[in-house]
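**Student:** I'll drop the sequence and a predicted model, then ask my questions.
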Amino acid sequence: MRESTKSLLIIGGSSTGKTHYGGQIFGRIRHGNGQLKMRRSPDDISLFEEVLNCLGQGVPAGHTSVEIYDNLVLPLEIAGEIQMDLIWPDYGGEQIKLIMEARQIGKKWRRRIIGSDGWLFFIRLDHITAYEDISSRPWKETEKDYTRKKSSEFKWSSQAHLIELLQFILHAKGVGTTNKLKLPAICFILSCWDEIKGIKEGIRPKELLQERMPLLADFTRATWEKDYFHIFGLSSLGRALDENKPDEEYIEKGPETQGYVVSTEGECLPDLTLPICTLINLLM
Amino acid sequence: MAGHCKDKNCWAPEVACNMGEEDYTNCPNYIGIQEKDEGKVKSEKGFLLPWSGNSFGNIDLQFLAGRTQPMVVGVLGPHNAGKTTLLTVFYLLLSRGRPVENRYFAGSYTLGGWENLAHFLRWKPDHGPDFPPHTSRGEGRMPGLLHLAFRNQDQILEDFLFADAPGEWFEHWAINKNAPDVHGAQWINRYADTFMLFLDSDALSGDKRGEARAKLLGLAQRLSGELLGRPVAIVWAKSDKAVPENIQSTLKESFERLFPIYEEFSVSVMLNNSITEEAFLKLLSWLLSGQRIFGFTMQKLPIMKSKDPLLSYRGR
């Protein structure tokens, strides 16, 4: 009896690197690299084609009109047997904005979440909002003489924002958290790894998360069983591309030779499908 | 403008419908308001979340109580003693990954409440930290509750609620426990599993230290009378200010007499211009490890009126 198709969601706010990852994964699969294969033609590959087109010319993908793409699906299979759909349910990150501002989850998104088996959760560490406070930076007498200005615009720290988001989507999925979770299995993807400043050589992604967002790290440790939570680093492009200065290596060697994941052991590996395959293995 | 619900215990459409209707307008209790068609595109109604993220009130608690029986930490002390600041520092330290003994953070349904307070004690681009504003009395009959969940060393999930209330409530409660405006203090007394009693070292060393000492003793005595064996953390807040020896020793003697289970802690956010991090963490660890003394309930059992002699039997 054939197993039902597994459903993996790619979740992350806008500008967290989902576009380039999608394009590069599509490119890898089309090129025949790795274990993943397309099990049939996707309904709409225009976005991925466009991304690969740009990369093939050595420039980054432009900001496409994200409103068009609210539900991208890549129908894949592994080893000719295991079928899975890789889904970008909220391509533009608009749904996530709705969650945080209106505290609602759109019905279509919720249906996707309920039907999902695994999540790839994109986090961009070089874009996080983090603050110094009195526990990290002492206040001095002289500092207290500042002119009392109108209070700065209040914005949650990124840690709190991401924890709340995870709490929401777990609730939307209807999973209780009294016991640690196995499903949905989750991979954190620390994207745009090459752009994160101050990374120690060989650091493991888990250690980096603990260093930069310890409250979120604790939350994931408390919520998922150890084997059902993985963290990878990701640089889909390998380096920043400049739209005004096409990259020669991309042009001559092709985008399928560029980009890497950082494994759980801190090793840079060229197989961008590794997080996806890791998740699938957990779901078997 | 949205409608509202007939059920006084339901806060839809701000949070999810109590009856479980995914679309709250389908609920029989919902009272809608005719929306004028202004040609705007209506957004599809989504699945509402049952918590607001701000500090919990009485109604929101139902959501949490469905998961575990939360431990309530009552925070008592005169106004301006630093109660809210201390709670905020707990959150800041956890956000920084500072370890708590035998436990680690497992989530919070009042992140909005915590972030709101933390904002005051953070460095912003155009201005430095400042103390959180005075916790106002408002019209509330119960305190705002801030939630933290932890996993302990046995991987059991525990929910904690910190009841942060204005100091004025306790000043009145100390004098008259049944005064008309002390419901909030009574709520904390009724439901808390552990207490923090704040001593304002600044007030106890200042010009009005005699009055401060007397009021504190009054509060301690009231607490002692209502304690029923529950543990108390005595928190010497603003410990960068030195309290005179005499006052210290008389207070310590009283605590020994009044509280069967207690421990003293000294904390400051200004000692040598920095916070006493270890002391805060030690206090938090102590609070989280408090056991429930007994199944604390004040439930009144109804008297059953029945003609059946067996059911009516009440013993000798």
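**Tutor:** Perfect, thanks for sending it. Numbers count the residues shown, from 1 in each chain, chains lettered A, B, ... in the order given.
**Student:** every contact and neighbour count from this point should use C-alpha atoms.
**Tutor:** OK.
**Student:** how about the stretch 51-200 of chain A: which residue is closest to chain B?
**Tutor:** The stretch 51-200 of chain A approaches chain B most closely through A:Asp133 (3.9 Å), counting by Cα to the nearest Cα.
**Student:** tell me the bridge partners for that residue.
**Tutor:** In this entry, A:Asp133 is beta-bridged to B:Arg122, by DSSP bridges.
**Student:** shouldn't A:Met84 be within a helix?
**Tutor:** No: assigned with DSSP: H, G, I helix; E, B strand; the rest coil, A:Met84 falls outside any helix and is strand.
**Student:** can you give me the helices for chain A?
**Tutor:** A:18-31, A:46-56, A:94-102, A:107-114, A:158-173, A:205-212, A:214-223, A:248-253, A:274-283 (DSSP state H).
**Student:** what's the angle from the helix or strand bottoming out on mean pLDDT in chain A to helix A:107-114?
**Tutor:** Across the helices and strands of chain A, mean pLDDT, DSSP states H and E gives its lowest value to helix A:94-102, namely a mean of 78. Inter-element angle recorded for helix A:94-102 and helix A:107-114: 110 degrees (by axes from the mean of the first three to the mean of the last three Cα atoms, to 10 degrees).
**Student:** give me the most central residue, chain B.
**Tutor:** Geometric centre of chain B, nearest residue: B:Ala163, 1.1 Å, by Cα atoms, centre = their mean.
**Student:** just for chain B, where's the confidence low?
**Tutor:** Scanning chain B for pLDDT under 70 picks out B:1-3, B:8-9, B:11, B:14, B:22, B:31-45, B:57-60, B:136-142, B:291-308, B:311-316.
**Student:** so in terms of bridging, what pairs with the residue nearest to the centre of chain B?
**Tutor:** Here B:Ala163, judged by DSSP bridges, has bridge partners B:Gly74, B:Leu145.
**Student:** the closest residue to A:Arg212 other than its chain neighbours: neighbour count?
**Tutor:** Nearest non-adjacent residue to A:Arg212, counting by Cα to Cα, 6 or more residues apart in numbering or on different chains: A:Leu125, 7.7 Å away. Neighbourhood size, A:Leu125 [other Cα atoms under 10 Å in any protein chain shown]: 21.
**Student:** residue contacts, A:Leu125?
**Tutor:** Counting by Cα atoms under 8 Å, 6 or more residues apart in numbering or on different chains, A:Leu125 touches A:Leu190, A:Ser191, A:Ile196, A:Arg212.
**Student:** now the buried members of the residues you listed.
**Tutor:** A:Leu190, A:Ser191, A:Arg212 (16 or more other Cα atoms under 10 Å in any protein chain shown).
**Student:** what's the burial count for the residue in chain B positioned nearest to chain A?
**Tutor:** Going by Cα to the nearest Cα, chain A is nearest to B:Arg122 of chain B, at 3.9 Å. Applying other Cα under 10 Å, we find 22 residues neighbouring B:Arg122.
**Student:** settle this for me: it is touching A:Glu132, isn't it.
**Tutor:** Yes: with contact defined as Cα atoms under 8 Å, B:Arg122 counts as touching A:Glu132 (5.8 Å).
**Student:** quick revisit: report the separation between the residue nearest to A:Arg212 and A:Trp193.
**Tutor:** 8 Å (Cα to Cα, to the nearest Å).
**Student:** so which residues of chain B form helices?
**Tutor:** For chain B, the helices defined by DSSP H cover B:61-65, B:83-95, B:111-120, B:167-175, B:183-191, B:209-226, B:245-258, B:277-288, B:309-312.
**Student:** how about JSON lines for those helices, with distance to A:Ile276 and mean neighbour count added?
**Tutor:** Below are the helices of chain B laid out as JSON lines (distance: least, Cα to Cα, whole Å; neighbours: other Cα atoms under 10 Å in any protein chain shown):
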{"stretch": "helix B:61-65", "distance to A:Ile276": "34", "mean neighbour count": "14"}
{"stretch": "helix B:83-95", "distance to A:Ile276": "30", "mean neighbour count": "21"}
{"stretch": "helix B:111-120", "distance to A:Ile276": "31", "mean neighbour count": "22"}
{"stretch": "helix B:167-175", "distance to A:Ile276": "54", "mean neighbour count": "20"}
{"stretch": "helix B:183-191", "distance to A:Ile276": "48", "mean neighbour count": "20"}
{"stretch": "helix B:209-226", "distance to A:Ile276": "57", "mean neighbour count": "18"}
{"stretch": "helix B:245-258", "distance to A:Ile276": "60", "mean neighbour count": "14"}
{"stretch": "helix B:277-288", "distance to A:Ile276": "39", "mean neighbour count": "18"}
{"stretch": "helix B:309-312", "distance to A:Ile276": "64", "mean neighbour count": "10"}
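**Student:** and the ones you listed: which comes nearest A:Trp88?
**Tutor:** helix B:111-120 (27.4 Å; Cα to Cα).
**Student:** who touches the closest one?
**Tutor:** Contacts of helix B:111-120 (Cα under 8 Å, 6+ apart): A:154, A:156-157, A:160, A:164, B:52-55, B:88-89, B:91-92, B:129-132, B:146.
**Student:** interface residues of the stretch 1-150 of chain B facing chain A?
**Tutor:** Taking Cα under 8 Å from any Cα of the partner chain, the part of the stretch 1-150 of chain B that reaches chain A is made up of B:44-49, B:52, B:67, B:89, B:92-97, B:104-107, B:109, B:111-112, B:115-116, B:119, B:121-129, B:150.
**Student:** repeat that for 7 Å
**Tutor:** B:46-49, B:67, B:92-97, B:104-107, B:111, B:115, B:119, B:121-124, B:126 (Cα under 7 Å from any Cα of the partner chain).
**Student:** the stretch 201-316 of chain B now?
**Tutor:** Residues of the stretch 201-316 of chain B found near chain A (Cα under 7 Å from any Cα) are B:Asn273, B:Ser274, B:Ile275.
**Student:** give me the buried entries from these.
**Tutor:** Here, 16+ other Cα under 10 Å leaves B:Ser274, B:Ile275 buried among those.
**Student:** about what we covered before: gap between the residue nearest to A:Arg212 and A:Gly233?
**Tutor:** Going from A:Leu125 to A:Gly233 by Cα to Cα gives 10 Å.
**Student:** also A:Pro75?
**Tutor:** As judged by Cα to Cα, A:Pro75 and A:Gly233 stand 24 Å apart.
**Student:** repeat that for A:Leu55.
**Tutor:** Taking Cα to Cα, one finds A:Leu55 at 21 Å from A:Gly233.
**Student:** more neighbours: those two, which one.
**Tutor:** A:Gly233 (29 against 26).
**Student:** the more buried one and A:Ile189 touch, don't they?
**Tutor:** Yes: using Cα atoms under 7 Å, A:Gly233 is in contact with A:Ile189, at 5.6 Å.
**Student:** just grab the bridge partners of B:Val232 for me.
**Tutor:** Beta-bridge partners of B:Val232, as defined by DSSP bridges: B:Phe195, B:Tyr262.
**Student:** right, and it touches B:Tyr262 too?
**Tutor:** Yes: between B:Val232 and B:Tyr262 there is a contact at 4.7 Å, judged by Cα under 7 Å.
**Student:** neighbour-wise, which of the two wins?
**Tutor:** Counted by other Cα under 10 Å, B:Val232 and B:Tyr262 do not tie: B:Val232 has more neighbours, with 26 against 16.
**Student:** enumerate every residue touching the more buried one.
**Tutor:** Taking Cα atoms under 7 Å, 6 or more residues apart in numbering or on different chains, we find B:Val232 in contact with B:Thr194, B:Phe195, B:Met196, B:Leu197, B:Ile261, B:Tyr262, B:Glu263.
**Student:** may I ask which of those residues has the most neighbours?
**Tutor:** Of the contacts of B:Val232, with other Cα under 10 Å as the count, B:Thr194 tops at 28 neighbours.
**Student:** gap between that residue and B:Phe56?
**Tutor:** With Cα to Cα as the criterion, B:Thr194 and B:Phe56 are 18 Å apart.
**Student:** and for A:Lys206?
**Tutor:** 33 Å.
**Student:** repeat that for A:Ala61.
**Tutor:** Distance from A:Ala61 to B:Phe56, by Cα to Cα: 45 Å.
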